[in-house]
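**Student:** sequence plus the predicted model coming up.
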Amino acid sequence: MISGTAGGLRLEVPRGVEIRPALDRMKGAIFSSLGQWIVGKRVLDLYAGTGSLGIEALSRGAREATFVDLAHACCRAIRQNLLKTGFRGEVIEADALRFLARDQYRYDIVFASPPYEKKELILDSHPLLSSVPPRLAPHGLFVWEFFRRNRIEDPGPWKVRWQRRAGETVVVLLELEG
């Protein structure tokens with residue numbers, strides 16, 4: 001954790017599962033850009049890993065968070081991290097895209113840090129770009145992490161609010177146009 005009410009706590013990292021925990025400087029960039037907007041919001045953390053983005057949002061005043069990860073070890077670590085920080089959240093062991101297809105809730109912000117291939121790709125047809133919009137509340141935001149050599153050339157209905165790079169990762173903050 002980098003800030004908020006749980007600032008300074010170290011989160012459990014699951015063993016035997018390859019994950020990329022969000023870098024502190026990247027979390028700092030994300031949450032400083034969100035500022036007080038995060039307070040009272042409903043958050044969805046997809047491909048949650050340790051749950052660090054959703055827990056950071058709770059630490060900074062988000063109302064509730066749902067964590068989705070396919071790996072049992074990750075879900076167990078997220079539950080431990082919620083206990084450690086004193087926050088509550090729903091942890092769902094599921095494939096993120098299948099979850100999006102069947103979930104009925106709308107979220108103010110969706111975080112997604114899916115596994116990625118380390119090669120140059122254009123992400124214009126990535127399923128997240130079409131699966132996330134039905135789950136966003138009005139004026140909702142989508143924070144997506146991907147490999148630095150990937151890019152979005154035609155984001156479709158999305159407007160890029162900002163993009164940051166740290167190491168081999170890019171994080172882009174998207175909002176629906178209109």
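**Tutor:** In hand now; what should we look at?
**Student:** point to the residue nearest the middle of the chain.
**Tutor:** Phe111 (2.1 Å; C-alpha atoms, centre = their mean).
**Student:** do you know the pLDDT at that one?
**Tutor:** If you check Phe111, the pLDDT there is 97.
**Student:** secondary structure class for it?
**Tutor:** Under DSSP: H, G, I helix; E, B strand; the rest coil, Phe111 falls in the strand class.
**Student:** give the contact list for it.
**Tutor:** Going by C-beta atoms under 8 Å, 6 or more residues apart in numbering, Phe111 touches 43-46, 48, 53-54, 57, 143, 145. The way it works is simple: take the backbone N, C-alpha and C, and place the C-beta from them, glycine included.
**Student:** could I get these as CSV with pLDDT and distance to Gly89?
**Tutor:** Formatted as CSV, the contacts of Phe111 follow (pLDDT from 0 to 100; distance: C-beta to C-beta, whole Å):
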residue, pLDDT, distance to Gly89
Val43, 98, 8
Leu44, 98, 10
Asp45, 98, 8
Leu46, 98, 13
Ala48, 96, 9
Leu53, 95, 12
Gly54, 97, 6
Ala57, 96, 10
Val143, 97, 17
Glu145, 93, 19
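**Student:** quick one on the thing from earlier: ok, for the residue nearest to the centre of the chain, nearest residue in space, not its chain neighbours?
**Tutor:** Excluding the flanking residues, the one nearest Phe111 by C-beta to C-beta, 6 or more residues apart in numbering is Leu53, at 4.2 Å.
**Student:** buried ones in the lowest-mean-pLDDT helix or strand in the chain?
**Tutor:** Least confident helix or strand, the chain: helix 24-34 with a mean of 85, by mean pLDDT, DSSP states H and E. Neighbour counts over helix 24-34 (16 or more other C-beta atoms under 10 Å) mark 26-31, 34 as buried.
**Student:** these two touch, right, Arg149 and Lys119?
**Tutor:** Yes: applying C-beta atoms under 8 Å as the test, Arg149 and Lys119 come out as touching, 6.8 Å apart.
**Student:** for the longest strand belonging to the chain, packing partners?
**Tutor:** Of all segments of type strand in the chain, defined using DSSP state E, the longest is strand 136-147. With contacts defined as 3 or more C-beta pairs under 8 Å, 6 or more residues apart in numbering; DSSP states H and E, strand 136-147 has these neighbours: helix 24-34, strand 107-112, strand 169-176.
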